[in-house]
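**Student:** sharing a model prediction with you, sequence too.
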Amino acid sequence: MIPLKGSSSWTSCFVALTAVSFLITPAVSVKHANFKTCEQSGFCKRNRLFADAADSLGSEWQSGYALDPSSIKLTGGQFTGNILKSIVGLEEKIVLPLTVSFLESGVARVTLDEEKRLKGEIELRHDSKARKERYNEAEKWAIVGGLQLSTSAAINKEAEQGTTRVLYGPAGSFEAVIKHSPFSVDFKRDGTTQIKFSERGLLSMEHWRPQIEKPAPPEVKEGEEAPPPPAEDPDKPVYDESTWWDESFGGNTDSKPRGPESVGLDITFPGYEHVYGIPSHASSLSLKETRGGDGQYSEPYRLYNSDVFEYEMDSPMTLYGAIPLMHAHRKDSTVAIFWLNAAETWVDITKSKSTANPLSLGIGSHTDTRTHWFSESGLLDVFVFLGPTPKDITQKYGELTGYTQLPQSFAIAYHQCRWNYVSDNDVIDVDRKFDKHKIPYDVIWLDIEYTQEKKYFTWDPMTFANPIKMHDHLDKKDRKLVAIIDPHIKNTDNYPVVEELKKKELAVKNKEGNIYEGWCWPGSSHWIDCFNPAAITWWKTLFKYEKFAGTAPNTFIWNDMNEPSVFNGPETTMPKDNLHHGNWEHRDVHNINGMTFVNATYQAMVERKRGEQRRPFVLTRSFYAGSQRLGAMWTGDNQANWDHLAASIPMVLSQGIGGFPFAGADVGGFFGNPEKDLLTRWYQAGIFYPFMRGHAHIDTRRREPYLAGEPYTGIISQALRLRYALLPAWYTAFHQASVDGSPIVRPNFFVHPTDDKGFAIDDQLYLGDTGLLAKPVTKEGADSVDIYIADDEPYYDYFDYTIYLGKGTKTIKAPLEKIPLLMQGGHIIPRRDRPRRSSGLMRYDPYTLVLVLDKEGNAQGTLYVDDGDSFDYISGGYIHRNFEYSSATSTLQSTDLNPDPNAKGSKTAAYLKTMSSVTVEKILIISAPKEWKQRTQVSISEEGVKDSLKKRTVELTYHEGSKGQANWAVVRKPDLSIGKGWKIDFGGTE
Ligand code: NOJ
């Protein structure tokens, strides 16, 4: 501390007070008044009232929606027909064209439109220029494949009167039972109903109608009862017409030129107790009930991408991104639905337990989960997945919306960010300090202050006078820089970017069709409309090296505030009656908006320079289904407290289940100053986020790991070193996600789908297929954790090989320096153990293989490796090996997972050459058989020239574990080429 010269007692008291107040993290909490509750969102309220009316009438409830039997047909895997909606007191029926598509993949898709809007036979109010149709382009943004229709879907002739049954899916084992009147669909797998549409009769599509001045409702005199609500129609005035024609909130009025237009449907999962997904919420992985009750929510889960400043814990409130994918899970079965709608959406969840026989003591009892979905506008468009495994869901969903981008390899290492590193010299200084303290990191980030007056694509000349020098400095250590670029463009003079935006008319428009103006970081701003292909074309030009001067090949991009965040807009976003390309209202596309911006940036980064083909890295705050194809996400502005640390685990797990697994939370917490133990624990947890970045608000104190002091800095460095050592395992898990949609970190239910005790567990995670099971410490002062083991494989402590046997909860000691991490028997984990300053510098480092033997003494694992930067992997520039240890033969073998060179591509040979000197330098065998005590060597055969196998021997050392620890053995310097086939013989079983 700097001594205070001649300080009076008053000044020292003032200084002390200031110091104390600096230490205290101010209590922050979300401003509820800024965001709608269901009651304040017109269509949410109407749909809930509708549900209440239906549920209270039970079997007497009559849905007004019936399929016209004369209209139905099944051709080429598509079932079509018209649903007729009846309205009490009206002859006319509303025609709603229905399509049920049976896809080759076994997924079914139910789409419902509205004839009048489809044909444009409606009138818009206020001379609106908005489109008349229901928004039907969500598919264009979210879906990239898997829509091929099934040729084998066929009508089941055994259907009862008034029902059409369609057999589809693998070997016709799926069935859609379409009941005509009232309309409902049951989806069956192997004869058992898994998912029910409109079982409760809550299907609803608010049809177009002209605005008519209605007579005032009859007065109800005191003592008289109000007339009962006619129950057939959700849009009956009695259900609250007040928000049909306009809706005000927080001083903004939505003009709603098309009137009420919500869509809703109840979806029941019979026999399923757990539902997961629909990120992002600061909630548990297993979703809670939403209609009140002990420990449950009373608000539905909301999906309306928003900049929720200081968001709160354990809440169904909306956050920055939305993926309307929900898994339902029970022992031995997982099914799912994907609600393809980009408008504001709410989901109610209730569960009901039923017992087949009251005397059966719970045997035969089961829980049904009933969900109710409603969106403000757009089509009703729902995909149905019948599993039966969680992997089937993530794979099929990925086939539709795309798999996770295979990232730049640096992107899965550690990122250092804060708002803000204040100058190029500051960046260089931080970088040097990481090196001085031998702490690895790959990327340093620049938040908004690097720009000149928040004008993106500029540098503040006072503070970032020489950005190229800064980039060069980083590049010497293979480090990168990420610069933020937001979608709001400063509305100011002498700024070519905004001038072009205006001149080319590429900005979002207001309801009158003029350029929309709102407030964000730069003050008055306009928003690029990335729904417009011309806007994407223009955006690409801005990222060219010559245009965005001061950037280099090691610059990558962060897209923030893309919900979009508008400080003076309704619910901190854009007015819903704003207009996008094609005259779609913002209301229709809101949840997709953020993704379109990242899409434009992604494309711009691919085309930064002619001939330069590098994988982009773009971080986004806002996202939708499909965003996984474009980069990473983080969970936004969390807080430096233990609750937020704990919440980050289920949130990250939920992202994986929602198909967007490249996810992380701000390490250390964005708002506030973490105590050192919290910061340390956060790093220890953060190494298990697929995306790992330390970040902090501009008002916080600096907290780079080297500032914490000992023992904290040392402990944090160890955690980071562990992340770096395991990067080969992480990259392999990312590769898997990029080809089959598997989550990168996985919850218990996903890994052990039959173990019902683990279905609600969301505070521990498995890393890919590696068998690594982590349970981060997220409680203040905790020096142990309870970890749940779901199977009867042996588990071993990662660091000291302590054995944990048997299913159930185990307590692991976890003093501050300890990361609770177990290895499940049966796996081979690839590592790189040489400490380096960045992951790029590890590119040609040798590998360590950790064999963790299962109860039979076997183990298996994989390794995927490529250049981590280009698209060469698409042409075969990669190595993908399978490692298998068999106790029967006592051999470890490395085989090519894609041995057919033609199936790989032209780049295979060149890549193998680049990697020819990269070897396996160490093999660790955990739980090595006792017989090996006598052994001192193993023999090795390696694929040599012309595939002949030449043999040599290498030393084996055996170590007896002390009490409670596994025995282990090590083979040093086998020097086996990572790209070749080889075999190690551990000497048989004599
Ligand atoms: C909001 C983001 O969530 C935060 O991470 C960032 O630091 C600020 N915007 C400033 O850009």
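**Tutor:** All right, it came through fine. Numbers count the residues shown, from 1 in each chain.
**Student:** around the residue of the stretch 451-600 of the chain found nearest the ligand, how many other residues sit close by?
**Tutor:** Taking CB to the nearest ligand atom as the measure, the stretch 451-600 of the chain has Asp560 as its residue closest to the ligand, at 4.9 Å. From N, CA and C alone the C-beta is placed, and that goes for glycine too. Using other CB atoms under 10 Å, Asp560 has 24 neighbouring residues.
**Student:** residues in contact with it?
**Tutor:** When the contact criterion is CB atoms under 8 Å, 6 or more residues apart in numbering, the partners of Asp560 are Ile484, Asp486, Thr620, Arg621.
**Student:** can you check Trp527 too?
**Tutor:** Trp527 touches Pro487, His488, Ile489, Ala507, Val508, Tyr516, Gly518, Pro564, Val566, Met574, counting by CB under 8 Å, 6+ apart.
**Student:** for Tyr788, same thing?
**Tutor:** Asn748, Lys757, Gly758, Ile761, Gln764, Gly808, Thr809, Lys810.
**Student:** and the pLDDT at the nearest residue to the last one once chain neighbours are set aside?
**Tutor:** Yep, that's Lys810 we're talking about. Of all residues not flanking Lys810 in the chain, Tyr804 sits nearest, at 4.8 Å (CB to CB, 6 or more residues apart in numbering). With respect to pLDDT, Tyr804 scores 98.
**Student:** got the contact list for Tyr804?
**Tutor:** Counting by CB under 8 Å, 6+ apart, Tyr804 has contacts Ile787, Ile789, Pro794, Tyr795, Tyr796, Asp797, Lys810, Leu822.
**Student:** torsion angles phi and psi at it?
**Tutor:** According to degrees, to the nearest 10, the main-chain angles of Tyr804 amount to phi -120, psi 120.
**Student:** got it, and Tyr911?
**Tutor:** Residue torsions, per degrees, to the nearest 10, at Tyr911 are phi -70, psi -40.
**Student:** quick check, the residue in this structure closest to the ligand?
**Tutor:** Closest point on the chain to the ligand, by CB to the nearest ligand atom, is Trp419, at 3.8 Å.
**Student:** relative to Trp521, how far out is that residue?
**Tutor:** Between Trp419 and Trp521 the distance is 11 Å, computed by CB to CB, to the nearest Å.
**Student:** before we move on, the earlier item: how about TSV for the contacts of Tyr804, with secondary structure and distance to the ligand added?
**Tutor:** TSV is the format used below for these (DSSP: H, G, I helix; E, B strand; the rest coil; distance: CB to the nearest ligand atom, whole Å):
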residue	secondary structure	distance to the ligand
Ile787	strand	32
Ile789	strand	37
Pro794	coil	42
Tyr795	strand	37
Tyr796	strand	38
Asp797	strand	36
Lys810	strand	37
Leu822	strand	33
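**Student:** and of those residues, the nearest to Tyr135?
**Tutor:** Ile787 (46.0 Å; CB to CB).
**Student:** which residue comes closest to the closest one once chain neighbours are left out?
**Tutor:** In space, Ile787 is closest to Lys775, 4.3 Å off (CB to CB, 6+ apart).
**Student:** quick revisit: just the contacts of Trp527 now: which is nearest Ser654?
**Tutor:** Distances from Ser654 to the contacts of Trp527, taken by CB to CB, are shortest for Pro564, at 23.3 Å.
**Student:** burial count for Leu124?
**Tutor:** The number of residues packed around Leu124, counting by other CB under 10 Å, is 16.
**Student:** quick revisit: what about the residue of the chain closest to the ligand, how many residues nearby?
**Tutor:** Counted with other CB under 10 Å, Trp419 comes out at 17.
**Student:** Arg836 now?
**Tutor:** For Arg836, using other CB under 10 Å, the count is 17.
**Student:** the spatially closest residue to it that is not a sequence neighbour: what's it in contact with?
**Tutor:** The shortest distance from Arg836 to any non-neighbouring residue, by CB to CB, 6+ apart, is to Met842 (4.9 Å). Contact analysis of Met842 by CB under 8 Å, 6+ apart lists Tyr724, Leu727, Arg832, Arg834, Arg836.
**Student:** wasn't Asp348 part of a helix?
**Tutor:** No. Asp348: not assigned to a helix; according to DSSP: H, G, I helix; E, B strand; the rest coil it is strand.
**Student:** can you pull the contacts of Ile323?
**Tutor:** Counted by CB under 8 Å, 6+ apart, Ile323 has contacts Gly277, Ile278, Pro279, Ser280, Phe623, Tyr624, Ala625, Ser627, Gly658, Gly659, Phe660.
**Student:** Three-state assignment for it, please.
**Tutor:** Secondary structure, three-state DSSP: Ile323 is coil.
**Student:** any figure for the gap between it and Met595?
**Tutor:** Counting by CB to CB - Ile323 and Met595 are separated by 10 Å.
**Student:** overlap in contacts, those two.
**Tutor:** In contact with both Ile323 and Met595: Phe623, Tyr624, Ser627, using CB under 8 Å, 6+ apart.
**Student:** one step back: farthest-separated two in the contacts of Tyr804?
**Tutor:** With CB to CB as the measure, no two of these lie farther apart than Ile787 and Pro794, at 13.9 Å.
**Student:** so for Glu104, what's the nearest residue that isn't a sequence neighbour?
**Tutor:** Gln148 (4.3 Å).
**Student:** repeat for Leu340
**Tutor:** Asp381 (4.2 Å).
**Student:** count of residues packed around that neighbour?
**Tutor:** If we define neighbours as other CB under 10 Å, then Asp381 has 23 of them.
**Student:** before we move on, what about Thr192?
**Tutor:** 10.
**Student:** and what of the one 3 residues further on?
**Tutor:** Neighbour count for Ile195, taken as other CB under 10 Å: 26.
**Student:** now swap in Glu512 and tell me
**Tutor:** 12.
**Student:** ditto for Asp426
**Tutor:** 17.
**Student:** sec struct for it, please.
**Tutor:** Applying three-state DSSP: Asp426 is helix.
**Student:** joint contacts of Trp419 and Trp521?
**Tutor:** Ile448.
**Student:** tell me how far Ala411 lies from Leu727.
**Tutor:** Ala411 is 11 Å from Leu727, by CB to CB.
**Student:** between the two, which one's more packed in?
**Tutor:** Shown here are Ala411 and Leu727; by other CB under 10 Å, Ala411 has more neighbours (29 against 23).
**Student:** now do the contacts for the residue nearest to the more buried one when sequence neighbours are not counted.
**Tutor:** Closest residue in space to Ala411, ignoring its immediate chain neighbours: Phe617 at 4.7 Å, by CB to CB, 6+ apart. Contacts for Phe617 (CB under 8 Å, 6+ apart) come out as Pro407, Gln408, Phe410, Ala411, Lys480, Val482, Phe556, Ile557, Met605, Gly631, Ala632.
**Student:** redo that, cut-off 7 Å
**Tutor:** Neighbour list for Phe617: Pro407, Gln408, Ala411, Phe556, Gly631 [criterion: CB atoms under 7 Å, 6 or more residues apart in numbering].
**Student:** go on, Thr620?
**Tutor:** Contacts of Thr620 (CB under 7 Å, 6+ apart): Asn559, Asn562, Gly594, Val598, Ser627, Gly631, Met633.
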